[in-house]
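In: Next comes the sequence, and after it the predicted model I'd like to discuss.
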Amino acid sequence: MKLDPVFTVKENKLYKISDNSQVEFCLTEISDKDFIAGIKDESLLKKITAEKNSICSILIAQKTIEPEPEAYNEEFLAELRDALKVMEEKGLFAVLNVCPGLDDAHRAKVLSGTCEDDAVSGYVMSIKHTARRVKDCESVAGVFIREDFTSENAPGKVMVLQDELLVKHAQYVFFADSASAEKIRSAGAEYSDRVVFI
């Protein structure tokens with residue numbers, strides 16, 4: 001299921017496609033547990049609605065999505081989808097902000113070569129799997145490109161992340177701290193022109 005894009009990026013700024021207006025927003029970081037709980041009890045909905053043009057940046061640990069190598073936490077992803085669907089009903093938006101990190105067992109498999117993925121593709125596949133599980137949620141504006149993900153070989157990592165996601169999620173835009181701007185720009189205009197620097 002492909003969704004129509006709501007946002008676009010021009011000169012690293014976020015715009016609403018419907019009226020071509022620039023979106024001034026505040027990216028509010030919240031942990032995945034607090035996000036899901038806050039949607040269930042509606043406290044977060046009230047806060048976001050009160051803070052006009054606030055977009056939730058949902059902090060999700062990679063190991064929450066993938067507790068064991070190539071084994072995904074479908075129960076968590078179903079709860080995340082349910083919460084994002086509630087946001088969609090309210091016309092609110094969120095960004096998937098996955099914190100890279102492998103547990104010791106996964107790291108050992110990567111280093112020994114007994115795991116099918118490496119740390120980069122494993123991280124990207126975790127995000128891709130999450131995007132697949134929330135693919136019908138219009139409330140997902142896009143994905144946050146984390147500075148700890150781009151710390152080394154930034155151009156290659158940015159290209160892999162965007163190339164993998166945009167195949168089925170062309171509506172996504174990408175967000176990043178301005179501290180990562182030069183690293184992301186080094187991937188080329190094709191990749192950096194889809195990023196909103198905050």
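Out: Perfect, I can see it now.
In: Helix or strand for Cys56, just tell me which one.
Out: strand 54-61 (DSSP states H and E).
In: Return the list of strands paired to that strand, each annotated with direction.
Out: If you go by DSSP bridges, strand 54-61 pairs up with strand 26-31 (parallel), strand 94-99 (parallel).
In: can you give me the mean pLDDT across the first one?
Out: It refers to strand 26-31. For strand 26-31, the per-residue pLDDT values average out at 89.
In: ok, now which ones touch Thr28?
Out: Ile48, Glu51, Ser54, Ile55, Cys56, Ser57 (C-beta atoms under 8 Å, 6 or more residues apart in numbering). C-beta: built from backbone N, CA, C; applies to glycine.
In: Now which of those would you call buried?
Out: Buried members of the contacts of Thr28, counted by 16 or more other C-beta atoms under 10 Å: Ile48, Ser54, Ile55, Cys56, Ser57.
In: immediately after the worst-scoring helix or strand of the chain on mean pLDDT, which helix or strand?
Out: Here the helix or strand of the chain ranked lowest by mean pLDDT, DSSP states H and E is helix 104-112, holding a mean of 50. Using DSSP H and E, the helix or strand that follows helix 104-112 in sequence is helix 119-133.
In: Okay, angle between that next one and strand 54-61 too, please.
Out: Helix 119-133 and strand 54-61 are oriented at 130 degrees to each other (axes from the mean of the first three to the mean of the last three C-alpha atoms, to 10 degrees).
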